[in-house]
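coords please:
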Amino acid sequence: MTDSFNTRVLVIDDEEAIRDSFHEILMPHRKKYAELEQAGDLLFGTTPRGGGSGETFDFEFVEAPDGESGLLKVEQSLQDQQPFAAIFVDMRMPGWDGLETVKRIREVDQRAEIIFVTAYSDYSIEEVVMSAGPNVGYHTKPFASEEIRQIATKSVYEWNKTRNLEQLIGVVSQLRAERGDINHLLQRIVHHISELVDSDSVMVTRPTDSQGFRKVLGIGQFSGDDVAAEHLEGIPTLDGNAVQQNEHRLFLQMSTYTVVVLLDQPGRRINSDRVYLLQLFLEQAGQSLEKAKLQESLMQKEKLSAVGQAVSMIAHDLRSPLSGVLSLVDLIRQTDYEPDSMQEVFGQISEAVNSAIDIVNDILDFTRNSDISRNLISSDDLIEEVESAVANFASSMRAQLVVEKRQSFTFLGDNGKMRRVLVNLVRNAGESLPRRPRGESCITIRSDYAGEDGILEVEDNGTGISAEIQDNMFVPFAGSGKRGGTGLGLAIVKNFVEAHGGSVEYETGDTGTCFRLRVPARVVE
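Purely as a prediction, here's the structure:
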């Protein structure tokens, strides 16, 4: 999974001849003349000299004559994000010996594979491992070229394999942390499989009732349904996290899904170590998918429950004003009213209908999250509109309505939405008031100015808001403890006020509650 295979090797030895030997072993002399030998092969039909197994990798060779300079090269390599995969260190050197050098290196690089190469050592193997860590090797001088190539190859291979595992763990952790839907998670998994197998064409399939397979998601050549359909035939049934490959395709089993990978080069085989990584990844990815399915199912149930609760609350709240309208209409039909009396009845009908319309508007505003208009609003005019709109309501709640215009101001905003904000707060206040003799309960609407903020307050002299309700007071459908209401009132209040660049505050206690709205405004002199 690494972007490139790291073959950087550092040799730290005080003897130049030893360093030269490593150079010749890891970077054979013939490589300097590779182009010349290829030209000779074309001209004379000769075959370039073959190499041993150590030439599987093209090593990048770096050398240092002592421990201090070696440490500097390690630090620079990390700074350049080009770490060494393997470091060969002589045990006996002037200044820092090999063990001291490795101790210093381990302070900055815990990952490099360390190989001590020396004729004599003043330390036991236990002492070396204790000080240098477990990923160390030990080889004695004199050494054979093939041995050094094999050791370097094995060390570089182990370093890259460990990095791949570390990256795999990181990828799996990210998958487990995903909170998206199943399709989003599958897209992430497909991307990582594409990197693991080095192929741009990956398809996720699921079994069908007719014993076949259908495409769920595809990238590369599998993006097109026509190409995908051609490869849906012949998909084997796999068990567990099995991996199966043939001449052109790779098949992977992942939970209830089968993944098909189109190999870029026919006949290319995925080596056993990469297959092992794939199996580890598929196992974890499958678990992440199952977890996501469970979460999605739970979320769906929670949504249905919330919708059911909301519908129940809304239906209950709509029933009251609509029932009032029907009762008044029936009363009109059965009674001969004088024209003056009819005006009062029509006013009550109008208020009931407006109450129902406000409930519907609350729901629409909450779901649509519509933009607000920007017009100049006078605080005095706004307060008067609200006073007129809630006068009958306050009377029905047996509460005295008090209006205090302390300091006039103007602000830019949506007059209709701000009116409904204050009406909502007044209704909340009235519905939470205890039953008292007429005139003992009081609802106050107040305007003022402080600093650069216009202040609008709705205050009542009720019994306050309980701590239990305060925790979820502005959460949609979470309100409780008052008569009626959709559970959207305070959520909409907060949403509208913040849309005006303002804020909502409140104070509550045994003697009542005050909601305070602040909006950017200008004072009227």
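
quick check: next helix or strand after the lowest-mean-pLDDT helix or strand in the chain?
Lowest mean confidence among the helices and strands of the chain (mean pLDDT, DSSP states H and E): helix 34-44, at a mean of 49. Using DSSP states H and E, the next helix or strand after helix 34-44 towards the C-terminus is strand 60-64.

for that following strand, give the mean pLDDT please.
For strand 60-64, mean pLDDT is 93.

residues touching the next helix or strand after it, excluding its own?
Later in the chain than strand 60-64, the nearest helix or strand by DSSP H and E is helix 67-79. Helix 67-79 has contacts (C-beta atoms under 8 Å, 6 or more residues apart in numbering) with 8, 10, 12, 62, 64, 83-84, 87, 89, 93, 95-98, 100-101, 104-105, 108-109, 112. Where C-beta positions appear, they are placed from N, C-alpha and C, glycine not excepted.

now helix 67-79: buried residues?
67, 70, 71, 73, 74, 77 (16 or more other C-beta atoms under 10 Å).

farthest-separated two in those?
67 and 77 (15.4 Å; C-beta to C-beta).

in three-state terms, label residue 218 for me.
At residue 218 the chain is in strand, as set by DSSP: H, G, I helix; E, B strand; the rest coil.

can you show me the helices along the stretch 301-450 of the chain?
Counting by DSSP state H, counting those that start in this stretch, the stretch 301-450 of the chain has helices at residues 339-368, 379-396, 415-432.

wait, I meant the stretch 101-250 of the chain
Applying DSSP H, counting those that start in this stretch to the stretch 101-250 of the chain gives helices spanning 125-132, 145-177, 182-197, 225-230.

rank these by pLDDT, which is bottom?
helix 125-132 (a mean of 67).

and residue 225, what does it touch?
Applying C-beta under 8 Å, 6+ apart, the residues contacting residue 225 are residue 215.

what does residue 86 give?
Residues near residue 86 by C-beta under 8 Å, 6+ apart: 8, 9, 10, 112, 113, 114, 115, 152, 155, 156, 159.

who does it bridge with?
Beta bridges link residue 86 to residue 9, residue 113 when assigned by DSSP bridges.

state the distance from it to residue 447.
From residue 86 across to residue 447, the span is 77 Å (C-beta to C-beta, to the nearest Å).

with residue 294 instead?
In terms of C-beta to C-beta, residue 294 sits 52 Å off from residue 447.

more neighbours: the two, which one.
Between residue 294 and residue 447, residue 447 has the larger neighbour count (other C-beta atoms under 10 Å), namely 23 against 10.

cross-check the contact I'm expecting between the more buried one and residue 406.
Yes - between residue 447 and residue 406 there is a contact under C-beta atoms under 8 Å: 6.4 Å.

got any residues that touch both of these two?
Counting by C-beta under 8 Å, 6+ apart, nothing touches both residue 447 and residue 406.

number of residues surrounding the residue nearest to residue 408 when sequence neighbours are not counted?
Closest residue to residue 408 apart from its sequence neighbours, by C-beta to C-beta, 6 or more residues apart in numbering: residue 524 at 4.0 Å. Look at residue 524: counted by other C-beta under 10 Å, it has 13 neighbours.

stretch 94-111 - what's its average pLDDT?
According to the model, stretch 94-111 has a mean pLDDT of 89.

alpha carbons only: can I get it in PDB?
Output of stretch 94-111 as PDB, limited to C-alpha atoms (Å, rounded to 0.1, in the frame of the first residue of the first chain):
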ATOM      1  CA  PRO A  94      36.200   5.500  16.800                       C
ATOM      2  CA  GLY A  95      34.000   7.900  18.800                       C
ATOM      3  CA  TRP A  96      30.600   6.300  19.100                       C
ATOM      4  CA  ASP A  97      30.700   2.600  18.700                       C
ATOM      5  CA  GLY A  98      28.000   0.700  16.900                       C
ATOM      6  CA  LEU A  99      25.800   0.200  19.900                       C
ATOM      7  CA  GLU A 100      26.000   3.800  20.900                       C
ATOM      8  CA  THR A 101      25.300   4.900  17.300                       C
ATOM      9  CA  VAL A 102      22.200   2.700  17.100                       C
ATOM     10  CA  LYS A 103      20.900   3.900  20.500                       C
ATOM     11  CA  ARG A 104      21.100   7.500  19.100                       C
ATOM     12  CA  ILE A 105      19.400   6.400  15.800                       C
ATOM     13  CA  ARG A 106      16.600   4.700  17.700                       C
ATOM     14  CA  GLU A 107      15.800   8.000  19.400                       C
ATOM     15  CA  VAL A 108      14.700   9.400  16.100                       C
ATOM     16  CA  ASP A 109      13.900   6.300  14.000                       C
ATOM     17  CA  GLN A 110      12.200   3.200  15.500                       C
ATOM     18  CA  ARG A 111      11.400   1.600  12.200                       C
END
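
can you start the count at 28 instead of 1 from here on
Renumbered: residue one is now 28, and that last one reads stretch 121-138.

list the buried ones in that stretch?
123, 124, 125, 126, 128, 129, 130, 131, 132, 133, 136.

CSV for those, including distance to residue 488?
Shown next, in CSV, are the buried residues of stretch 121-138 (distance: C-beta to C-beta, whole Å):
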residue, distance to residue 488
123, 82
124, 85
125, 84
126, 81
128, 80
129, 78
130, 75
131, 75
132, 75
133, 72
136, 71
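
which among those gets closest to residue 443?
The closest of those, once distances to residue 443 are taken by C-beta to C-beta, is residue 136, at 66.0 Å.

and that closest one, how far is that from residue 304?
Relative to residue 304, residue 136 is positioned 24 Å away (C-beta to C-beta).

residues in contact with residue 216?
Per C-beta under 8 Å, 6+ apart, neighbours of residue 216: 202, 231, 281, 312, 315, 316.

just give me the neighbour total for the residue lying closest to residue 402 once chain neighbours are set aside.
Take residue 402 and drop its neighbours on the chain: the residue closest to it by C-beta to C-beta, 6+ apart is residue 442, 6.3 Å away. By other C-beta under 10 Å, the residues close to residue 442 number 16.
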